[in-house]
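# give me coordinates for this.
(8 chains)
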There are 8 protein chains.
Amino acid sequence: MEKEKIKQLLQSVRDNTMSVEEALESLRRLPYEDIGFAMVDSHRSIRKGFPEVIFCQGKAVSQVVEIAERLAAHNRTIIATRAGKEVSRALESRFDEVFYNELARFVRIGPAPVPSTARRALVVTAGTADLPVAEEAALTAEALGCATDRLFDVGVAGIHRLFGNIQKIHDAGLIIVAAGMDGALPSIIGGIASCPVIAVPTSVGYGASFGGLAALLTMLNSCAPGVLTVNIDNGFGAGYAAAMILHGDKL
Amino acid sequence: MEKEKIKQLLQSVRDNTMSVEEALESLRRLPYEDIGFAMVDSHRSIRKGFPEVIFCQGKAVSQVVEIAERLAAHNRTIIATRAGKEVSRALESRFDEVFYNELARFVRIGPAPVPSTARRALVVTAGTADLPVAEEAALTAEALGCATDRLFDVGVAGIHRLFGNIQKIHDAGLIIVAAGMDGALPSIIGGIASCPVIAVPTSVGYGASFGGLAALLTMLNSCAPGVLTVNIDNGFGAGYAAAMILHGDKL
Amino acid sequence: MEKEKIKQLLQSVRDNTMSVEEALESLRRLPYEDIGFAMVDSHRSIRKGFPEVIFCQGKAVSQVVEIAERLAAHNRTIIATRAGKEVSRALESRFDEVFYNELARFVRIGPAPVPSTARRALVVTAGTADLPVAEEAALTAEALGCATDRLFDVGVAGIHRLFGNIQKIHDAGLIIVAAGMDGALPSIIGGIASCPVIAVPTSVGYGASFGGLAALLTMLNSCAPGVLTVNIDNGFGAGYAAAMILHGDKL
Amino acid sequence: MEKEKIKQLLQSVRDNTMSVEEALESLRRLPYEDIGFAMVDSHRSIRKGFPEVIFCQGKAVSQVVEIAERLAAHNRTIIATRAGKEVSRALESRFDEVFYNELARFVRIGPAPVPSTARRALVVTAGTADLPVAEEAALTAEALGCATDRLFDVGVAGIHRLFGNIQKIHDAGLIIVAAGMDGALPSIIGGIASCPVIAVPTSVGYGASFGGLAALLTMLNSCAPGVLTVNIDNGFGAGYAAAMILHGDKL
Amino acid sequence: MEKEKIKQLLQSVRDNTMSVEEALESLRRLPYEDIGFAMVDSHRSIRKGFPEVIFCQGKAVSQVVEIAERLAAHNRTIIATRAGKEVSRALESRFDEVFYNELARFVRIGPAPVPSTARRALVVTAGTADLPVAEEAALTAEALGCATDRLFDVGVAGIHRLFGNIQKIHDAGLIIVAAGMDGALPSIIGGIASCPVIAVPTSVGYGASFGGLAALLTMLNSCAPGVLTVNIDNGFGAGYAAAMILHGDKL
Amino acid sequence: MEKEKIKQLLQSVRDNTMSVEEALESLRRLPYEDIGFAMVDSHRSIRKGFPEVIFCQGKAVSQVVEIAERLAAHNRTIIATRAGKEVSRALESRFDEVFYNELARFVRIGPAPVPSTARRALVVTAGTADLPVAEEAALTAEALGCATDRLFDVGVAGIHRLFGNIQKIHDAGLIIVAAGMDGALPSIIGGIASCPVIAVPTSVGYGASFGGLAALLTMLNSCAPGVLTVNIDNGFGAGYAAAMILHGDKL
Amino acid sequence: MEKEKIKQLLQSVRDNTMSVEEALESLRRLPYEDIGFAMVDSHRSIRKGFPEVIFCQGKAVSQVVEIAERLAAHNRTIIATRAGKEVSRALESRFDEVFYNELARFVRIGPAPVPSTARRALVVTAGTADLPVAEEAALTAEALGCATDRLFDVGVAGIHRLFGNIQKIHDAGLIIVAAGMDGALPSIIGGIASCPVIAVPTSVGYGASFGGLAALLTMLNSCAPGVLTVNIDNGFGAGYAAAMILHGDKL
Amino acid sequence: MEKEKIKQLLQSVRDNTMSVEEALESLRRLPYEDIGFAMVDSHRSIRKGFPEVIFCQGKAVSQVVEIAERLAAHNRTIIATRAGKEVSRALESRFDEVFYNELARFVRIGPAPVPSTARRALVVTAGTADLPVAEEAALTAEALGCATDRLFDVGVAGIHRLFGNIQKIHDAGLIIVAAGMDGALPSIIGGIASCPVIAVPTSVGYGASFGGLAALLTMLNSCAPGVLTVNIDNGFGAGYAAAMILHGDKL
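Residues are numbered from 1 along each chain as shown, chains lettered A, B, ... in the order given. Now for the predicted structure:
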């Protein structure tokens, strides 16, 4: 039952063509889909101005395009994650403003967003191989209206570069740290930062890294309070949560 | 907003003291708690005549008693699972009709239910040590209105007893099989039964049984179709699902 | 010893050419193969009218065809699961009535079954990527004489669509829920449904989903009673068990 | 080299008793301990007004008291987590203002903090058994200057109560969800909330919950973006991170 | 249907009071329990002279005694494994000839068996802590009619003692090796022995031994062919299989 | 120091050109390589007439050929396991008598062995997909001088065929059972056989079979004594151990 | 054959009462036990002056005393690890010079060793709870003739103290780092030290630390080369290996 | 702030254009990047003469070349690990002295190093398939100035070859042992060697070797003290640590 239907029902009560009891019973029997319009407001894309997201992994190119077209009717910006080259090409042939980052396998349809919060996200990696995940996080946060800074390759081997950029740590409103192997970097940063740290374990490594499990466990057990963890290689989730946190002051 | 509130709202529309638009807006803004009354019907205890259940593990005796008293106001039968002796004693001092099975750590408050379906559940164990879990399953199913049969200790060491009771297998409307160690019995029974089999891995075993994990994996990988699995030692869950399945013909 | 042989033995007793003791001893020594004919009745395909099933994974195309031909001699309907395109083509060139669903990799040889029970199975997925598993479940249940409904893509991201279709939940005699990633959907549905729920974890996901293990554990630990679990990606097992449950009223 | 030593060095340069090159070389050779005083500023307790924290697990009562006394010299508020009754008694006999919550095993020494941010944390549990973890989270957040709301026992069995309190979800600046067993609640809440969700798996459960592992994996694989995870039973970590996030607007 | 019943049936055929067809149909309908008597022969205790076994873990003392009494009616020797002191005392007060080994928690009721095969089992341990498991294996093999030799504490730390007793290795008909920690000893012995080796991982160790899992995996991956593995701490299983193998020449 | 060197040393003692003390000291200092010649006797290929074995996995074709040529100098029969087609072709072009079984990826160089023990190995599989592992086991046992019987495809789905061939179970001197998925077959057979059972878990399966881990755990936890386990897919190890056991009577 | 026997054999050759060929044959047939005396030299306690070690866990107090007495006949210093108070008391009543550290559960019998190498071991912990493991490592290294330094409680929470003691890092010949929880400290130290680092994961932690597994995996995956790992809580192993490494210059 | 900046600051103090207090405050506020130059000295490549290392896995060929060029400016020798043929070809076309070992996927740019320590590393493998890992270890140690010996294929199957080369064990200053499957070799060698042993588990194996996990656990649980473990297949890490240990005498 859509808005109009409820309106008619109320009108019928007003018009005395339906008794109060009948109307009550009708409302009571309303399946959720009819009341559902009340839920529209809760859509994040409306309330926060966040774009809609298509997770491309496991979807055919045609499916992605179809979903994108449907979403484009009501959204100014759409992002697509885990998008291969074919996906980006198919979207480029269909939409005007398509931005693609091949490393991060990230697509943005629509204009580049203007940062809507003064607080910035710092995206850090331990090594070069963590870049795809870190970029996915950074591009997601940017697409959701956050300004970002990047500080790459500051793991154990380049830890002097971390300390050499400590001002960036102090300036950040939130730090995303992508690390594979031992996953120790978020603990180190968590120990010196005063803002929340989102730790993203990556599947970078071999042997007893068990596809990122070692890094994941390290991060979950971090001795530094304020470290929060997402799934292995989940750059998107880190960037999305970062944007929610950084926009929090506007609630 | 409860039923009465919506009735008043509708009355106001009827009385012309509220416009249709205002009423629509009020309904639209209804938080879920107000619409919630519509959900009452979905309560299983009402629709199916199933008793309410208290899971005692991790609850203080006083908490269990308090919850039982609250539920007793609206339910004829209440069951409490994972209930130690102290819980049973406390309930006995408070309620008239309390049945307690120490092995299964199972309490039923209220009269013994009369089977409300002609189809029967057969509860089987591989060994003696699986009895507590099997009894929990059987007592749960009985408390939910099912007649049950029992066939215990028919695992590999007593497999001739299984074949010696094959008529019970053929007569059952549903079979619950509790087994630890290798957990192979549900596969064997699943291969010869023509009704669904609910497999309950138990934590019986040592070494590489890893607290029931070995039996659980065996059951999930069963080569016999029709075998469904619940959590390790979850006799209650098996009995509850069995009752739902056996009562299904009344839907 | 086949039927004829036992008949001859009995005839010999009648004819006095064999003493009762000799006959007893002969029967007593009967290895199982000779008594085996007594087991024919227990074949589900005969008792329930269920079709025979070929699990194609790990079998050569020629092996599948050969088995299908052998089964076709005694069965009206045969189903083949995990069947690639080559398998379906080979079967189409050999049998008249071959139905193939590529997404579900499912073949049915023989006429479309007419539902033989009034109770219906509702097949639900959390996401688009769970479709192959869900379709395998639905097609299996249908091939076994059940009518099915489908409700796809109602996971967390589309949960309003779940509540918008709550009548389907209430109408179902049994619900199959396929979900990967966090595998939370069966718990949600189990909390509002009054019929049994068969949860099928899928291998959809990445990182700490560990090939469906995360979803599997979620389902096994479901707080909603009445949730039963099958192996990861085991749509066939879910559909088969569903059919057994839904036909249960005819036992 | 302490502050005084560097001052003397600089004085020597000024006094011409040390060349610029010599001084540079001296500074260059400074081991970290001498430069270390520069790091004092980075202490969160100073920058954010956050209290110091003592993790009592694995520490003797006397050790906890000793640490508390040392910290009390420079801090107005001290909190102690995983504190048994003996710890609280020992602290009560030594300090004036000692608040103890036995359920959460949480001690606060010093005055109750006044919320220093208008944004509120909502602390939610799936079941009664998750309360200790949830209380630890709530008390930590409160001790760090956040106002909190509580919404307990709204898991699958009481999900209508969740929907009945949806306004609390919408009002929260951040939601902490503690859940054991299937750990599905954070996914459900993450799907309807527009603020970040910190998921805390608890070790509540049995069998295949594997001490909270099942809930942990569910949360890491959550399909709802914006869900961040901490270690099993880590209520403190959740509360601490929540406070960092909620105070973020003041940076 | 017992032996007598079939006899009567045959007699009826002979007497012409039952037709051959009727008799055939009766036999055909025989449930397994009636044919079951044919299986008696397969009992190992009869065919091999092996004693019956009671696994005491998880059984009450009274249950063990009851089972022992029942078995004593038909068996000369009975063994009870994982038997605590109370079990042994209860059995001693009931039976005449009771032998108890406290370290191995092993009871034998009945006379000491005389070795019934010339081939001997050599039971080896890596360390002192593996003794209980090794003794359980040795006592089991002895109770099943095998002569045994023992060679204890010849792991890495005492490997010179292994080489100093190499003649024992060469003389053995079968070697049982109990080892915890790294579980490497069966591989070493398997590399120099020419008889089969039964490897028994023990739960001896700490940390990454994970309750015997490390030793178990080592043994399963042994590079020496001829190494067979049983469950962690399963001395009984090793001894039983050893006896079966050593008696094999009498088949 | 080779045989000759020790001879010279002894000769020097005899010749009085070396004192007894000097000779003793020399012998005492003998590194193992010099004493090593004493170990030749322990070679199984010499003592038991077993052929040498080449494990081809991870070796280049040329490496396999080279090793085969070296071994051929001293051995009448050589077997090569995990051998692809290229390996077999390369060996065929080099040796006269080469037997290749593609399914089992097994090569035998040299004449077909004549069984050297009257006791037979029965090789059983649960399903068709377990055939390669079972064949590897059977061919290995045959190459080591054992006669074998085969009983394939008698798992849960075809369990009537197992009971129909029970005489084969009773006739076997040892049974090898290869099974994937739930791995329940060895438990069933172990429960009715009176000879040792070697259980070979196979990696056949999907989802929670975890590459054979489920079957492995089932077998290790078998409730039937006399079941011994080898590594997943280790048909060779099963066949080799079987041959050692069956030849045991000749020791 | 002991030393004397070989001497006699050689004498017989000299005396012409045994031919060279006979003597050769006798030596050739020597089982290992007779040649065994040649291995004495390889005993570390002799070659390196290292004391003998008794691992007390799983041993009765009387067994430990007995072993200690036997070892005392040939060794000046004996150490006993994992020794409870009763063990220390029993040893004190039997030996004169007994040193006991209760925290580390470490006993040394015999005089305090004088450092026999100029290179020092630095023993570091992340937290207070890691102290028992660290002390076991330090006391072991000291008992084996190494001078040690200690640097405790310098994990993430006290990382400024690590940098404040960096000279200790630079002065060490080898660093042992004991850490639980996230186990990140060895990576950090490995990144700045120029000597080898032995990482000891401890079982300190909760939840997803899984008894030290998380810390272990972190250390195995350390991005800093030069980090070597021992078993969880294996302070003894770390100290022993450290002593071997530090004494290496004397080889 | 770079060296120059601090120099200017000191000059300003000298010039009286900045007060001592101001200068102190400036230094105190120095973010790490400005003090960072002090860390240069800690670079191992400078202090130990160790070459810089490029880990090629997950890097594009062009990235490797670029990094190599940058490093070549300041280093005489560079090594690249996990380098495929394309990497080696690209480096050969750019640098003069390029050494490539395809088996070990190891590149050395620059002259072959002359051993700078008299102590030697012995590199041992259990089987042929462990060679790539062992060679990576040996080549790394050689590139870092160590002389190495090799002893390959001395696992259980060839253990007589191990004992035949025991002098090599006794001569080594450190032993690296690479082994897959059961990973038992380091325990055996650790039991007879008097120098430290670095154990490298390899991913060689199948089934329950779980990609090297079995070997890793074996090594961590080694009963022989002095065995230290690195990550699965981490030949580089073993070689690097070996070089640090062997050069230790020069500290």
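# wait, a helix at residue A:138?
Yes - the assignment for residue A:138 by DSSP: H, G, I helix; E, B strand; the rest coil puts it in a helix.
# please name the residues that touch residue A:99.
The contact partners of residue A:99, by Cβ atoms under 8 Å, 6 or more residues apart in numbering or on different chains, come to A:107-109, A:112. Heads up, the C-betas are built off the backbone N, CA and C, glycines and all.
# among those, which are in strands?
With strands taken from DSSP state E, the overlap with the contacts of residue A:99 comprises A:107-109.
# element containing residue A:148, please.
Residue A:148 belongs to strand A:147-151 when elements are defined using DSSP states H and E.
# residues making contact with that strand?
A:115, A:117, A:120-125, A:134, A:138, A:141-142, A:162, A:165, A:168, A:171-172.
# return the subset of these lying in helices.
Under the assignment DSSP state H, those contribute A:134, A:138, A:141-142, A:162, A:168, A:171 to helices.
# before we move on, back to that, in ChimeraX, how would I select the buried members of the contacts of residue A:99?
Buried residues among the contacts of residue A:99 (16 or more other Cβ atoms under 10 Å in any protein chain shown), as a ChimeraX selection:
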select /A:107,108,109
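# low-confidence stretches in chain A?
Scanning chain A for pLDDT under 70 picks out the ranges A:1-3, A:27-49, A:249-251.
# and the residue of it that's closest to chain H?
residue A:207 (2.9 Å; Cβ to the nearest Cβ).
# got the residues of the stretch 101-250 of chain A near chain H?
When proximity is defined as Cβ under 8 Å from any Cβ of the partner chain, the stretch 101-250 of chain A approaches chain H at A:128-129, A:160, A:163-167, A:170, A:204, A:206-209.
# let's have these in JSON lines, adding neighbour count.
Converted to JSON lines, those look like this (neighbours: other Cβ atoms under 10 Å in any protein chain shown):
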{"residue": "A:128", "neighbour count": "16"}
{"residue": "A:129", "neighbour count": "20"}
{"residue": "A:160", "neighbour count": "20"}
{"residue": "A:163", "neighbour count": "18"}
{"residue": "A:164", "neighbour count": "20"}
{"residue": "A:165", "neighbour count": "19"}
{"residue": "A:166", "neighbour count": "21"}
{"residue": "A:167", "neighbour count": "12"}
{"residue": "A:170", "neighbour count": "17"}
{"residue": "A:204", "neighbour count": "28"}
{"residue": "A:206", "neighbour count": "20"}
{"residue": "A:207", "neighbour count": "23"}
{"residue": "A:208", "neighbour count": "26"}
{"residue": "A:209", "neighbour count": "24"}
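# which of those sits closest to residue E:101?
Checking those against residue E:101 with Cβ to Cβ, the nearest one is residue A:208 at 41.1 Å.
# got the contact list for the closest one?
A:214, G:217, G:220-221, H:212-213, H:216, H:231-232.
# swap the cut-off to 10 Å and go again
A:181, A:214, G:216-221, G:229, H:201, H:211-213, H:216, H:229-234 (Cβ atoms under 10 Å, 6 or more residues apart in numbering or on different chains).
# mind checking which of the residues you listed land in strands?
Among the contacts of residue A:208, the members found in strands (DSSP E) are G:229, H:201, H:229.
# neighbour-wise, give me the winner out of the residues you listed.
Highest neighbour count within the ones in strands among the contacts of residue A:208, by other Cβ atoms under 10 Å in any protein chain shown: residue H:201, with 35 neighbours.
# my read is that that one contacts residue H:233, right?
Yes - with contact defined as Cβ atoms under 10 Å, residue H:201 counts as touching residue H:233 (7.6 Å).
# overlap in contacts, these two.
What both residue H:201 and residue H:233 touch, as defined by Cβ under 10 Å, 6+ apart, is the set A:207-208, H:130, H:133, H:178, H:180, H:211-212.
# now do the helix or strand hosting residue A:53: which elements does it pack against?
Assigned by DSSP H and E, residue A:53 belongs to strand A:52-55. Using 3 or more Cβ pairs under 10 Å, 6 or more residues apart in numbering or on different chains; DSSP states H and E as the contact test, the elements touching strand A:52-55 are helix A:44-47, helix A:61-72, strand A:78-81, strand A:106-109, helix A:235-246.
# who wins for proximity to residue H:27 among the ones you listed?
Closest approach to residue H:27 among these (Cβ to Cβ): helix A:235-246, 33.6 Å.
# leaving out chain neighbours, which residue sits closest to residue A:14?
Nearest residue to residue A:14 in three dimensions, chain neighbours excluded: residue B:13, at 5.2 Å (Cβ to Cβ, 6 or more residues apart in numbering or on different chains).
# around the one you found, count how many other residues there are.
Residue B:13: 25 surrounding residues under other Cβ under 10 Å.
# and for residue A:111?
Residue A:111 has 11 neighbours, counted by other Cβ under 10 Å.
# and the residue lying closest to it once chain neighbours are set aside, what does it touch?
Excluding its sequence neighbours, the residue lying closest to residue A:111 (Cβ to Cβ, 6+ apart) is residue A:97, at 5.9 Å. Neighbour list for residue A:97: A:76-77, A:108-112 [criterion: Cβ under 10 Å, 6+ apart].
# quick check, nearest of those residues to residue F:225?
Using Cβ to Cβ, residue A:108 is the member of the contacts of residue A:97 that sits closest to residue F:225, with 64.8 Å.
# residues touching that closest one, list them.
Contacts of residue A:108 by Cβ under 10 Å, 6+ apart are A:51, A:77-80, A:91, A:97-101, A:139-140, A:142-143.
# surely residue A:145 touches residue A:113?
Yes - in this structure, residue A:145 is within contact of residue A:113 by Cβ under 10 Å, at 5.0 Å.
# doesn't residue A:86 make contact with residue A:59?
No - using Cβ under 10 Å, residue A:59 is not in contact with residue A:86, being 11.6 Å away.
# and the two? Which one has more around it.
Set side by side, residue A:59 and residue A:86 show more neighbours around residue A:59, with 20 against 12, by other Cβ under 10 Å.
# which residues does the residue lying closest to that one once chain neighbours are set aside contact?
In this structure, residue A:59 finds its nearest non-sequential neighbour in residue C:128, 6.2 Å apart by Cβ to Cβ, 6+ apart. Neighbouring residues of residue C:128 by Cβ under 10 Å, 6+ apart: A:55, A:58-60, A:63, A:67, C:152-153, C:155, C:204.
# could you do residue A:18 as well?
Residues near residue A:18 by Cβ under 10 Å, 6+ apart: A:8-12, A:24-26, B:10, B:14.
# biggest separation within these, which pair?
The span of the contacts of residue A:18, defined through Cβ to Cβ, is set by A:11 and A:25 at 17.0 Å.
# which of these two has more residues huddled nearby?
residue A:11 (15 against 12).
# quick revisit: now a ChimeraX select for only the buried ones of the contacts of residue A:18.
If you want just the buried ones from these in ChimeraX, going by 16+ other Cβ under 10 Å, the selection is:
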select /A:9,10,12,24,26 /B:10,14
